[in-house]
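got a sequence here, can you model it:
(2 chains)
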Amino acid sequence: MGIRSDLHLHAWALVAAAKREWRVARRYPDVFIGAVAWPVVTPVVFVFQARASIGHGTPGRTGQTIPTDSVHLAVFLYLGWLVASWLALLLTESSASLSGQRVQGSLETTLLSPATRLTLLFGLAPVLLVTGALSYIAVLLALVMGFGAHIALSSALAGGLVILLAGPTLAAIAAAAGTTTLFMRRSGGLVDIARALSVTFCGFTAPLAIMPSWAAKIGRLLPPTWTVNALRNTMFGGPSKTDWTRLSLLLIGTFLAISALSLAAFAAGEQRGRRSGTLGGV
Amino acid sequence: MVSRVVLLSLRKDFRNVVGSPIAVLNMTALNPLYRLILPSYLLATAFLYHGRAVGLAQSTGSVDFQGFIFVGAFMNILMVGAIIGTSAVIGFERGSGTLEQAWTTPSSRVATAVPFAVSALALSAIGAFTCLLLGIAAFGVRLRWTTVFAIPAVLIGVAGMVGVCYLVMALLLRLGQARAVLDGGGFFLGLLSGNIFPVTVLPGPLRVISSALPSTYAIDLLRHFALGSWPLLSVRWEYPLEAVCSAGLLGLGVLAFVRAERFVSTTGRLGQF
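Numbers count the residues shown, from 1 in each chain, chains lettered A, B, ... in the order given. Coordinates of the predicted model:
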């Protein structure tokens, strides 16, 4: 078979896997309900905390790093937590999908077929991208209706573009985390560590400027940080505040690099599992 | 008789915990750490003025933002742990088919359910203390010696949490599975109790609900004695008020449980989920 034919078959398998995952997600829509509810509800505690932390509006460091008026503060916190909760969902669901197939015994069956391993790593990605879009729309509505934020249509659309660009990269990170299922009996702990690290370094609830310089340097290397910063810049300063070429190149490049690494890690895990006979072990 | 049943049941549940300690530690201590404590700690540092939480001091009377967060998180873990723990214990009993057997013991149904609540609270207490110790060791939390005066407030709050455990059991008996409702319930209980902020910043209607929760007073008294923050009311009034709210919540939980138990007994749905 030629390369074109191979690519065609791989694409076909990927579409089939995505269709299957979509069907499952529609049958159990709690993932969509959670994607809409949690990013809207959770940041409320941070908004209240910030209001208490402002006190009577003490001037100083706050004005330099984080907005202190209630609407801008809500926008800042909601956009940060949108990326945090989306990333958490991606990490959890990707890992749970692979370990679920392992428990059900369908992982070994799938691995017997010659289909590309991308189906296992990225089959769930379209569903998770839809959840990201739903979360974004829900957060915009909450900001406009709940906090009276004025968000220009151009900013809202540009924010949507950020979500669209960041989605594949964040899905690739989640897929990389999912491959650990092949190496460990339970990868939940590792996913939790990834979530804790992202909360610490990516500036979801606080700007990088307040962090120690070493922590800020780490944060600037991480795609969720680029996503949060791009969303905040777009909402606060308009679409022109974002360097779209740089952002696109960074996100697409990272997506390709992490996907290649994930595939290599998956192949290594599969080979190890086949040799030791632990592929379907739970 | 009941105390022996409770002890035996606790021993059994702790044996299960020993089998998967990382999962339990993750559920009770690490989850709140990265979902609540770390983000709120970072947010609080964004509002420091020359290293001092001046704004927080204007709102609460205490500049100790680390203590404020960790003390609130301590009670939050107890609350959420009670809810999730009860759900996990009931789910385990149902999954292994032993729930119906527990129901056939000669003790009253309300007493039969006590071990479930005690196990859930004991597990969440492990998580709460782990988190507090982490705060002392790594985040600079310093508690005053007067914290001991808040122990009765915590215990009264825990009694109210038993009521929450009964409410959770009632819900699970009626609905079978209620993960989303329980997750939401835990979140709102924490929010309304002022887990990481003073309840004085809550808007009016939420403030009214908040003032009916024993956990609000437990957190407030704990912060007052441990950090020196201003109490919501005079301590002389806050303790009795907390006790009344706790008793009310316990009564409400037991009542809901008795009705749910009667419902599953007549419909034969005890072991179904």
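
how about stretch B:134-146 and chain A, touching?
No - using CB under 8 Å from any CB of the partner chain, stretch B:134-146 never reaches chain A; the gap is at least 12.1 Å. No exception for glycine: its C-beta is placed from N, CA and C like everyone else's.

how long is that stretch end to end?
With CA to CA, to the nearest Å as the measure, stretch B:134-146 spans 20 Å from end to end.

residue nearest the centroid of the chain?
In the absence of a named chain, this looks at chain A. Computing the C-alpha centroid of chain A and ranking residues by CA atoms, centre = their mean puts residue A:87 first, at 3.0 Å.

wrong chain, I was asking about chain B
Short answer for chain B (CA atoms, centre = their mean): residue B:79, at 1.2 Å.

neighbours of residue A:243, how many?
12 (other CB atoms under 10 Å in any protein chain shown).

tell me the pLDDT of it.
In this model, residue A:243 is scored at 87, pLDDT.

with residue A:91 instead?
Reported pLDDT for residue A:91: 87.

what of residue B:39?
92.

where's it relative to chain A, distance?
Between residue B:39 and chain A the computed distance is 4 Å (CB to the nearest CB, to the nearest Å).

residues in contact with that residue?
A:46, A:81, A:84, A:199, A:204, A:205, A:206 (CB atoms under 8 Å, 6 or more residues apart in numbering or on different chains).

so the first one sits against residue A:79, correct?
No - with contacts counted by CB atoms under 8 Å, residue A:46 stays clear of residue A:79, the gap being 11.7 Å.

for the chain, which segments count as helices?
You didn't pick a chain, so chain A it is. All helices of chain A, identified by DSSP state H, fall at A:3-27, A:30-41, A:43-54, A:61-65, A:70-104, A:106-112, A:118-122, A:125-147, A:153-179, A:188-201, A:213-220, A:223-237, A:244-276.

if you could check chain B rather than the one you did, that'd help
Going by DSSP H, chain B shows helices at B:2-19, B:21-25, B:31-32, B:38-45, B:54-60, B:65-95, B:99-103, B:109-138, B:151-175, B:179-192, B:204-210, B:214-227, B:235-267.

winner for burial among the ones you listed?
When the helices of chain B are scored by mean count of other CB atoms under 10 Å in any protein chain shown, the highest mean neighbour count falls to helix B:214-227 (a mean of 27).

ok and the residue in chain A nearest chain B?
residue A:55 (3.2 Å; CB to the nearest CB).

picking up where we left off before, wait, isn't the residue nearest to the centre of chain A in contact with residue A:171?
No - if you go by CB under 8 Å, residue A:87 and residue A:171 don't touch, sitting 10.0 Å apart.

what's the burial count for residue B:143?
19.

what about residue B:116, distance to chain A?
24 Å.

per-residue pLDDT, that residue?
74.

what pLDDT does the model give residue 144?
I went with chain A, as the question did not name one. For residue A:144, pLDDT reads 95.

oops, chain B please
92.

could you report the neighbour count for it?
By other CB under 10 Å, 15 other residues sit near residue B:144.

and for residue A:67?
18.

that one and residue A:76 touch, don't they?
Yes - between residue A:67 and residue A:76 there is a contact at 5.4 Å, judged by CB under 8 Å.

out of the helices of chain B, which is closest to residue A:120?
helix B:21-25 (24.5 Å; CB to CB).

mean confidence score for the closest one?
66.

now for residue A:33: which residues touch it?
residue B:180.

tell me the pLDDT at it?
On the pLDDT scale, residue A:33 gets 86.

any stretches of the stretch 51-200 of chain B with poor pLDDT?
Along the stretch 51-200 of chain B, the parts satisfying pLDDT under 70 run over B:107, B:177.

could you give the number of residues near the residue of the stretch 151-273 of chain B found nearest chain A?
Residue of the stretch 151-273 of chain B nearest chain A, by CB to the nearest CB: residue B:197 (4.3 Å). A count of nearby residues for residue B:197, using other CB under 10 Å, gives 26.

is it true that residue A:10 touches residue A:116?
Yes - using CB under 8 Å as the test, residue A:10 is close enough to residue A:116 to be in contact (4.2 Å).

compare those two (neighbour count), which wins?
Neighbour totals were compared for residue A:10 and residue A:116, and residue A:116 leads with 19 against 16 (other CB under 10 Å).

which residue packs closest to residue 129, ignoring adjacent ones?
You didn't say which chain, so I picked chain A. residue A:167 (4.4 Å; CB to CB, 6 or more residues apart in numbering or on different chains).

oops, wrong one, chain B.
Nearest to residue B:129 is residue B:74, by CB to CB, 6+ apart, at 7.8 Å.

dump the residue contacts of that neighbour.
Taking CB under 8 Å, 6+ apart, one finds B:128, B:129, B:131, B:132, B:222 in contact with residue B:74.

quick check, nearest of the residues you listed to residue B:68?
Closest to residue B:68, out of all of the contacts of residue B:74 and judged by CB to CB, is residue B:222, at 10.5 Å.

count the residues that sit near the closest residue to that closest one other than its chain neighbours.
Nearest residue to residue B:222, sequence neighbours excluded (CB to CB, 6+ apart): residue B:150, at 4.4 Å. Around residue B:150 there are 23 other residues, counting by other CB under 10 Å.

now the residue of chain B positioned farthest from its centre: how far from chain A?
Relative to the centre of chain B, and counting by CA atoms, centre = their mean, the farthest-placed residue is residue B:50 at 34.6 Å. Residue B:50 sits 7 Å away from chain A, going by CB to the nearest CB.

returning to what we had before: now for the residue nearest to the centre of chain A: which residues touch it?
Residue A:87 neighbours (CB under 8 Å, 6+ apart): A:170, A:173, A:174, A:195, A:198, A:224.

a markdown table please, covering the contacts of residue B:74 and showing distance to residue B:90.
Formatted as a markdown table, those follow (distance: CB to CB, whole Å):
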| residue | distance to residue B:90 |
| --- | --- |
| B:128 | 21 |
| B:129 | 24 |
| B:131 | 24 |
| B:132 | 27 |
| B:222 | 29 |
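
list just the nearest of those residues to chain A.
residue B:131 (13.0 Å).
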